[in-house]
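*Asks:* heads up, no residue letters with this:
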């Protein structure tokens, strides 16, 4: 069995129910999630040996987080129990033209205060094939960024494939700050994943002429971006997710994939949204899975990744709980949603 | 008032809430349902004197089932209290391209172990006009099949109209087994109902060239099937439901109806799905209701049946809780869903 | 800060959850709402000093109602605590072609038994800019109608702008009764708001050739109505909301607005419905807000009002909880529903 | 099988959850109940053929009430569907020294407006053995009182045993009004049931020196009351329930019973309260059941009635859902609450 | 009407339901509370004009907090909207011998970063009679302590009565730190309230020989403490709450009160606990209320305060929602919890 | 770290909420549990390396069970995925004198159909210190009994300590059948645990003169039983749990323990019950934990075990989620349930 390690943030996620406003909420749905954690969980559902590394406080909320993650089969034994609090985010699900809202509450979290040397990367990466991180972790704090570099470098040296999901977050840093941190890290990265905004904000390479708020998106518009990414950073593979937001209920979802040779355009899925958070993460997980399969060609890899991440929009919570078999059925063309008895 | 008797299975239905996965569920919605039971309940909502016959264990789960059914006005006084367990099914509601899943848990149920002679059909059918069963009951066990034959035969002899919903279930038997059991029973059947797959699997008569997983369905494709069914089994009337599965959220729903003379095509309704289970059963109930009305022509019967079963997709649980007045409004053309104050 | 006063009814609202039928409900969602109350709440979300005047019984249910309203920042200090009961309404949310149902239970409510002289309008209107009422209040009882006239007259005399939402309710009175009461009140009204049915039923002026149950609505059909309203009643401004009911889940929503000079047609929004009740009230609130802003032209007023009331369909309960900033974003063209982080 | 008829009120009951205050409630638990209805339901759980007669509006709330009652096996076919509304009561469950609160909302209910002649008592009583009513029904309205007299008289003439639960409600009438109505009705009553306050308020016969708010109650204090009741009204049997209220959570529960010959004192049960409403009604039902059994002596009757009504405090809602077998076990001495596997 | 101002902390409170462990929780109950806020809410239920002053972030969680508080009638118009986050606490309710657990998450909260000069105390205290604070606020941060001193001093100068609830929290500071901050503040305090531990930890005056973990508490043990408090700090009145913890479900609750002249011992109430948090705060509120009533003697004040705070244990959430009338009934001796109809 | 292996049954547990009857339930709480599984979970909370071995069907319900167990840190990697269904049990929580009810639904479960040779015990026991099973597993089926013997024998041969919880279930077998199976297995058992009924029913050794349904239990009555068990079966240690059932809400809980030398009597805890199921299992787990600690004397072992299992009654579900630290506090004497901040 292949083994994948991810490193980064996990938060307590407190979501209103039934599309209620925060001011209406008398209950919050309690789950846990975060970019790199979501990737690990999705990989574990595919049967991959997935290890998630982070720092979590040694209190009951921290333990609840551990329990929540490991129920889905992720190896949590390398998680550090230190620091004072678990980052939290509040989610209000939108509807129709009313946008969903996320309120972040990350100040003073354990992951922000992690230090280089806290994790024994040699031990963590023992037997591992792949390392994945996202642009959120370096954005959280200087400390977190340094540990991220430490990890990526160690992974590269130990021969793992390294993937990065750019995941630009404007509430965490400016494009200038992002680029100052992210660009030097790219030397360790083999596979780059991101959406149309990430490449520009994190790496300084813009997709010209794309308006993400309206209408049909032309994948061709992204071709120059891909070429620039490969030329500048030496990525072996590049994938870009494409989201069309028709409303808070309905999105279009697809991706393009450059396999080092040609650019493939994925099928576009209309998605009726149950929970939109984690869509990009599930795409990363499925890309990693596909690239680790023997004998899959680029088309198979992309089809699997797009189908899997489209399906991830149908699950409450950050986690994509879909199985390989289920993804295969959809990627194979059956999007009918017929009852499986 | 007309009186209809149905015989067959009822199960405890345990469904996840809010489209959760089984692995996410910390609560199950508890309802009860099953093909023939669903038909009886829908008829009772129309004001029909509906009697449902089955076997249910003499324990608290069995009693809860009885109570659940009789709240909707069905006569449960002929239900046998015997055997060791109530069949159960687990339902995970899908979303978008993620299919809903049903896990059956029917081993050793009371209905599977029923025996000929257990029911006094003469008493049960006293004063009744119509008997209905489905292809699920004979598929459950040899015992259940024998009692089904016993019932159909008795009904026929006592002058009741007999209807059968083919309802092929691939997890219960093979087409070969189904045909061996079902074909001999057809001699007692006046009205045959089924979907595009049932006729082929249960009766060996295929609808050529229909792909149920994609696109627009052409009702004309079903015409040869209808003729073959009438020719071979002598049905007086044949109805076939037509479902287009665009996704787990959105289906198209219609039916065709052969009244012994001409073939009518029903209006096609787009249905936004609240709960998809029981759609076919509600169609049967409405067909029976329509055929029992004085002075309704075939168009009225079909329009009522299609509208009623389209509306059944909007109710949680197996049961169709719509009233005659509500069906009439929709069949009459008002599908606007405007608030009724 | 501007100050707006509304007078009228508030009810206990008991709604089934998850689109359940009344017969399935084992729990009711408890909220409170009513035309004029809803207007006050929406205005308070916009930062307006909003006072709601009504009569509520001096019992625990009445107090719960007060608490519910004032949490959203409405001034409830002028509410009378008298009479024997709070009017109630039961709501069953429909789905697809199944219509939502409202069962009113208003007999002997406190507001129905209010008497002229109970409210000290001079005190209530002190410092106020605007008074708003709807056609529901006069319809409740002769007493309520008399107090409504008393209020409108006092407001007019004290120099407030007066707006009225016609809001015809066929279960409360006949068109003949409505017109006998409403037409004499129009002398105090500056701004008239209503839907396509209200003008005809309450004021005797019909919009010819509009079928509200199907298809695309042509705003031009309403032009003669507007002219007649201005000619006959001297309204300074007239607005008419336009609802297209495709199903209980999906509506189209827009409005036309005559600003005394020209007729403007609003943008039409497709709305995926979370809760449809209170749509017209939220339109009134946003119209009042817009008309009270310095320097807004008619287009801005209408765009704000249509966007706000379109968004009101996405909130559970009668109340529109949207903020000025959120409305501005949608009115400005971003209906993508993208997550706001 | 014996057949019992009860006549009176049933209400929609809206209760806060988890001992919340009304002002905290965002959901109400929806059940239905009322004195005579509760008696019928408890009898149906004992296997008795129980018919409940009342008047309920012909709307969806009324239908929901019917469905709710008949799920427990009560015959609802004699219920009148007329009038404008179903009476409602709101319940806030107390805790410790905080008292539970009931807010009644009965104005203009269907049962209050029932008229003599509406019910065909000869038909209703056909085959019946027993008729039961309570003092609440005559208190609701003059109309309801007249129908109650009509029923009691008919029952007596047709040879049924008649029982009455005095059930004085101070919010419905004064002792003077109660006595003016109740005393003349006693000529039809064979079995009188009530608590320590009822005899005084409804029939003018006081239990001297009993303070119900504190401490241990001496059953001997009730002996003079019993004698006076028999002497004055000719009751064949008299039962008085004894409640000691230690707190909203813990009560003591017992009864005394005069069988026409001697006075028996029941066992006193400590009851940890889940839901206190309906305790007296469940005692009436169990008394009726016991008195209808062949060969039960007075001790058996009383023990059964006290045990059953003690157990009724453990069920949410007005209804006592206990079975004969369960009551027998407790009456037989096993109050251990051990798990029954 | 009297006016009371309180200043201090309010937090988002996230509680597990049904006595679940944190690790079991998939939902949190969402309420808001904190010492001084709780006092203001309880006073508002008594009809007092209560103003609560704090600092809350200008985001949606902050607004939800404002709405939550003002629904109960507290004046929130003086609350500052500044800083980065709302302090949070997690509550797991215990049962039997399993202790309830609180996890605080207060780092970087708005109230901790408040600064002197942020509040215009002259304006806030305009027309006010009383100022109340607790020992938690000074413990949160040096900034909060300074603002607390600023407020107490201003209140004293403006002639308000000042009360302080010592409320020692060992997770916030050591006794040494507490005393260094608290003792100098006592010069502004007229009324001192606390439990048996507070006087020792905050003010350095111990109640010798009291073991709070077991058995019956002797109020006499507290007499030396009271005298020392008066002698050293010049308090005009001193009250000490007495809690006996038999289990997480059952406590004993009382208090002693020194009115400047004699020491009175309150009645001891057994309390079955629904929610234990906020007991001391509700005692403070009721003491303030009693002391502000004309003509109440010390016995009345103490009886009211003990009864009110005993009853506060029966409400979910921090807030005591009891009314004056309800407290009076219990203080008057009726602890029977009988249903109030 | 010590390692413990348990083998046996785990079931889907479907429980009514809020002490509802089965007939009232519209939702079931979904958890999983069973004797040996419960022991493993409790040990994992203590930090022990606990492995649970069973057979579970390879469907979604089975996977949900796995996920549920492993969230609490138990090693589920040795669980077999085979057979057709997961055994189920339905739980209705009682109250006061109303007993809780369990309805078992175990027919045809995977564990019942397990076969010798399915588990590689040598591999499973590698590095393990202790093996535990209960009397339920051998009672399920002949197959399960054979595998249980196979496991116990292998454990013994490999030098593990073996403990057995007798756990007699009258619905699974008769005393005669139990003894025929259980007695031969005792040769492999070092530590015998059971309640007062188990020794008699499973091993034929009665505790004379104990009435479990009422009153205070005298531990001395159990001394002859202990001696007989040691004499006849050669147990090194024997523990007997003592439950006094005062009601479904309140029990007394203790145990006696024979350490091979003397008999110790545990402290008796009054337990207010949240969920009673799994009490005996949690006692076993804590005994095993204590016996595996270096330097604990018999008193420490017993005190830990009784305190832990008393606390287990405060958790919803079968699992005891208490930590070593929490047990230590209670065993050390603090049963006050005071809030831990």
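*Replies:* Arrived safely, thanks for sending. Everything numeric here is computed off the predicted structure, so don't read it as measured data.

*Asks:* can you list the weak-confidence ranges in the stretch 201-341 of chain A?
*Replies:* A:208-219 (pLDDT under 70).

*Asks:* quick one: the helices in it?
*Replies:* In the stretch 201-341 of chain A, the segments counted as helices under DSSP state H, counting those that start in this stretch are A:223-233, A:279-292, A:298-312, A:324-331.

*Asks:* Determine which of these approaches residue A:85 most closely.
*Replies:* helix A:279-292 (22.8 Å; C-beta to C-beta). In this view, the C-beta of every residue, glycine as well, is placed from N, C-alpha and C.

*Asks:* from the chain's centre, how far out does the closest one sit?
*Replies:* Mean C-alpha position of helix A:279-292 versus that of the full chain (C-alpha atoms, centre = their mean, to the nearest Å) differs by 8 Å.

*Asks:* what's the answer for stretch A:244-252, then?
*Replies:* Between the centre of stretch A:244-252 and the centre of its chain there are 19 Å (C-alpha atoms, centre = their mean).

*Asks:* got the end-to-end distance for it?
*Replies:* Using C-alpha to C-alpha, to the nearest Å, the end-to-end distance of stretch A:244-252 comes to 5 Å.

*Asks:* Same question for stretch A:129-142.
*Replies:* The straight-line separation of the ends of stretch A:129-142 (C-alpha to C-alpha) is 27 Å.

*Asks:* Please apply the same query to stretch A:75-83.
*Replies:* Across stretch A:75-83, the straight-line distance between its terminal residues is 21 Å, by C-alpha to C-alpha.

*Asks:* for residue A:76, what are its contacts?
*Replies:* Neighbouring residues of residue A:76 by C-beta atoms under 8 Å, 6 or more residues apart in numbering or on different chains: A:52, A:66, A:69, A:70.

*Asks:* so how far is residue B:204 from the third one?
*Replies:* Between residue A:69 and residue B:204 the computed distance is 52 Å (C-beta to C-beta, to the nearest Å).

*Asks:* higher neighbour count, the two?
*Replies:* Using other C-beta atoms under 10 Å in any protein chain shown as the criterion, residue A:69 and residue B:204 rank with residue A:69 on top: 26 against 15.

*Asks:* Within the helices and strands, which one has the more buried one?
*Replies:* Using DSSP states H and E, residue A:69 sits in helix A:60-70.

*Asks:* Do any residues in that helix lie close to chain B?
*Replies:* No: Helix A:60-70 stays clear of chain B (C-beta under 8 Å from any C-beta of the partner chain), getting no nearer than 10.9 Å.

*Asks:* Quick one: list the elements packing against the helix or strand that that helix is followed by.
*Replies:* Toward the C-terminal end, the helix or strand that comes next after helix A:60-70 (DSSP H and E) is strand A:80-81. Where contact means 3 or more C-beta pairs under 8 Å, 6 or more residues apart in numbering or on different chains; DSSP states H and E, strand A:80-81 is packed against strand A:55-56.

*Asks:* Tell me the strands beside the strand it packs on, with direction?
*Replies:* Applying DSSP bridges, strand A:55-56 is found paired with strand A:80-81 (parallel).

*Asks:* Can you give the distance of the strand it pairs with from its chain's centre?
*Replies:* Taking the mean of its C-alpha atoms, strand A:80-81 sits 22 Å from the chain's own mean (C-alpha atoms, centre = their mean).

*Asks:* Now do the contacts for the residue of the stretch 201-341 of chain A found nearest chain F.
*Replies:* Nearest to chain F in the stretch 201-341 of chain A, going by C-beta to the nearest C-beta, is residue A:323, at a distance of 9.4 Å. Listed by C-beta under 8 Å, 6+ apart, the contact set of residue A:323 reads A:45, A:46.

*Asks:* ok so, going back, show me the one in the contacts of residue A:76 that has more neighbours than the rest.
*Replies:* Counting neighbours by other C-beta under 10 Å, residue A:52 comes out on top of these with 29 neighbours.

*Asks:* Hmm, that one is touching residue A:69, no?
*Replies:* Yes: using C-beta atoms under 8 Å, residue A:52 is in contact with residue A:69, at 6.5 Å.

*Asks:* shared neighbours of these two, anything?
*Replies:* A:10, A:37, A:40, A:41, A:76.

*Asks:* And these, which two are furthest apart?
*Replies:* Comparing the members of the shared contacts of residue A:52 and residue A:69, the greatest separation, given C-beta to C-beta, is between A:41 and A:76, at 10.8 Å.

*Asks:* No further questions, thank you.
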